[in-house]
Every structure is written in structure tokens, then in C-alpha cells.
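**Student:** What shape does this take:
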Amino acid sequence: MIGFQLQIFLIVLTFTFMGYIIHLIRNETIELKYSLLWFCLGLILIILSFFPKIVIYLSQLFGIGLPVNTLYLVAIFFIIIILMSLTIVISKMHRIIIKLTQEISLLKLKVENKNFDSCNEK
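**Tutor:** Residues are numbered from 1 along each chain as shown. Below is the predicted model:
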């Protein structure tokens, strides 16, 4: 069981984290669709801060010896989800960059051909 002071500290820290995410969205530093995972993480942290016995229950449910190990498992799970979402975004951006590079090359070739044709007509 965690102490009352630590519980209050975790609650304040989590609400500060959520406020920072909202600040990033308002300043358009992060898009809303990418912030949803961070909001889910913040919501879970708030729930675990208010009800720390959930971690003990989950530890017993999954047969994990220490509640701290359950927290590590949950943290690793969220890190994997965030990494997977970032990998998907990077893959989409890579395809878009390749397509844009090809379009720029084709436009550049058209401009060079027009310039060559205009030089030959003189």
C-alpha cells in the first residue's frame, strides 16, 4: 500500500501531465489523434493513483509476486503500444515522402523538357 503523501503526489503529477498534454494540443505541437494514447495513459495513472489497490488485485489475478512488477508490466505494455503507433505513423510518412519525391522529380523533368524545347526553338 502506498502512503497518503505519495498518493497525493502521484495525483498532482498525473493532472500536471494531463494539463501539459492539453497545452501541447492547444499550441498545435501535437495533433489530437496522436495525443489519445497519452490521454489513455493519463487516465489509467489517475485511476491507479486514486485506487492503488487495483494494482494489488491485478497482481493477484495474474499471479505476479509483487505489485511493482505489475506496474512495470503495464508500463512496458503502454510503451509497446506507443512504439507501434509511432511506427505506423513513420511508415505512412515514409510512403508519402516517396510519393512526393517522385512527383517533384516528374515536375522537375517537365520543366527541364519545356526549357530544352524553348531553347531549341530559338
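
**Student:** What mean pLDDT does the helix or strand in which Lys33 is found get?
**Tutor:** Lys33 is part of helix 32-50, with elements assigned from DSSP states H and E. For helix 32-50, the per-residue pLDDT values average out at 86.

**Student:** So which elements touch the helix-or-strand element of the chain with minimal mean pLDDT?
**Tutor:** Taking mean pLDDT, DSSP states H and E as the measure, the helices and strands of the chain show their lowest mean at helix 32-50, namely a mean of 86. When contacts are defined as 3 or more C-beta pairs under 8 Å, 6 or more residues apart in numbering; DSSP states H and E, helix 32-50 packs onto helix 4-26, helix 53-62, helix 67-121. For glycine as for every other residue, the C-beta is placed from the backbone atoms N, C-alpha and C.

**Student:** ok so, going back, would you put the C-alpha positions of the helix holding Lys33 in PDB?
**Tutor:** Output of helix 32-50 as PDB, limited to C-alpha atoms (Å, rounded to 0.1, in the frame of the first residue of the first chain):
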ATOM      1  CA  LEU A  32      -5.300  15.400 -31.200                       C
ATOM      2  CA  LYS A  33      -5.200  12.000 -32.900                       C
ATOM      3  CA  TYR A  34      -1.700  11.300 -31.600                       C
ATOM      4  CA  SER A  35      -2.500  12.500 -28.100                       C
ATOM      5  CA  LEU A  36      -5.200   9.900 -27.500                       C
ATOM      6  CA  LEU A  37      -2.700   7.300 -26.300                       C
ATOM      7  CA  TRP A  38      -1.200   9.800 -23.900                       C
ATOM      8  CA  PHE A  39      -4.700  10.700 -22.600                       C
ATOM      9  CA  CYS A  40      -5.400   6.900 -22.000                       C
ATOM     10  CA  LEU A  41      -2.100   6.600 -20.200                       C
ATOM     11  CA  GLY A  42      -3.000   9.600 -18.000                       C
ATOM     12  CA  LEU A  43      -6.500   8.300 -17.300                       C
ATOM     13  CA  ILE A  44      -5.000   4.900 -16.200                       C
ATOM     14  CA  LEU A  45      -2.500   6.800 -14.000                       C
ATOM     15  CA  ILE A  46      -5.300   8.800 -12.400                       C
ATOM     16  CA  ILE A  47      -7.300   5.700 -11.700                       C
ATOM     17  CA  LEU A  48      -4.300   3.900 -10.200                       C
ATOM     18  CA  SER A  49      -3.400   6.900  -8.100                       C
ATOM     19  CA  PHE A  50      -6.900   7.100  -6.600                       C
END
